[in-house]
Structure formats: C-alpha cells, structure tokens
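Chemist: need coordinates for the following:
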Amino acid sequence: MNIGSFDRGGRNRAFTETEDHDYNLKTTVTPYGIFLPELDELFLYFTESQVTSDFIVDILEDFWESESWRFSDIKTLILNQDNGGENNSRRTQFMKRIVEFAQSNQLNIL
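Modeler: Coordinates of the predicted model:
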C-alpha cells in the first residue's frame, strides 16, 4: 500500500493538491491483522518494512497486552496462519518468540 498525495480520479469537495504518479512515495506499508471470527473483529497493524517473525509476535504481544482483559477465561490461542516464510514452524526465531510469548502469558498456542 503506497502512502502519499496521489490522485486516482476520485471526487473531493475540498481542493486537494495531489501527485499524478507514484514517483514521490512518502512510504509503503504492509498490513497484517488479527481477526477474531466469533466476535467479527479485526485488528490491523502496519509495518514500513517486510512482515517478519518478530513483527508477527510483536503485534500479538501488543494485542494481548491491550485486549487480554476481555478474555480472562482463555487459556488457549489458535493461530491460523499461512505457514509462510516468516511464520513457518522451521523458523527458529518465530518458534523462539512464540514460545516465550506463550510461557510469559501462561497460554497454550495451537
């Protein structure tokens, strides 16, 4: 997702000066989310770099720190991920961080 003052032919009630090409990007961000299907809630996080093992666990820690009060009875988290390069079970950094997260929060991770 490119971030900047770009015009794609949309309408706006107030005059907004825009660029007509993507040459002068302010930044590019990659979204990553935590979806709670039973509650139909989505928490979006963004990074200006690539999604990494550390980024995934960092947002999980941030989410759990801010929202765990809502789930005081929960002892098991099910992580439904794509098993891509950054969260593959063979990635030692991801496994190390997710185990530390689970132990520090006394959670089972499936």
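Chemist: tell me which helix or strand Gln45 sits in.
Modeler: To be clear, residue 45 is Tyr; Gln isn't right here. strand 41-47 (DSSP states H and E).
Chemist: tell me the secondary structure for Ser49?
Modeler: Assigned with DSSP: H, G, I helix; E, B strand; the rest coil, Ser49 falls in the coil class.
Chemist: returning to what we had before: which helices and strands does the strand holding Tyr45 pack with?
Modeler: Here strand 41-47 touches strand 30-36, helix 53-67, going by 3 or more C-beta pairs under 8 Å, 6 or more residues apart in numbering; DSSP states H and E. C-beta: built from backbone N, CA, C; applies to glycine.
Chemist: now render those as a markdown table, adding distance to Lys96 and mean pLDDT.
Modeler: Output for the helices and strands packed on strand 41-47, formatted as a markdown table (distance: least, C-beta to C-beta, whole Å; pLDDT from 0 to 100):
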| stretch | distance to Lys96 | mean pLDDT |
| --- | --- | --- |
| strand 30-36 | 19 | 91 |
| helix 53-67 | 9 | 93 |
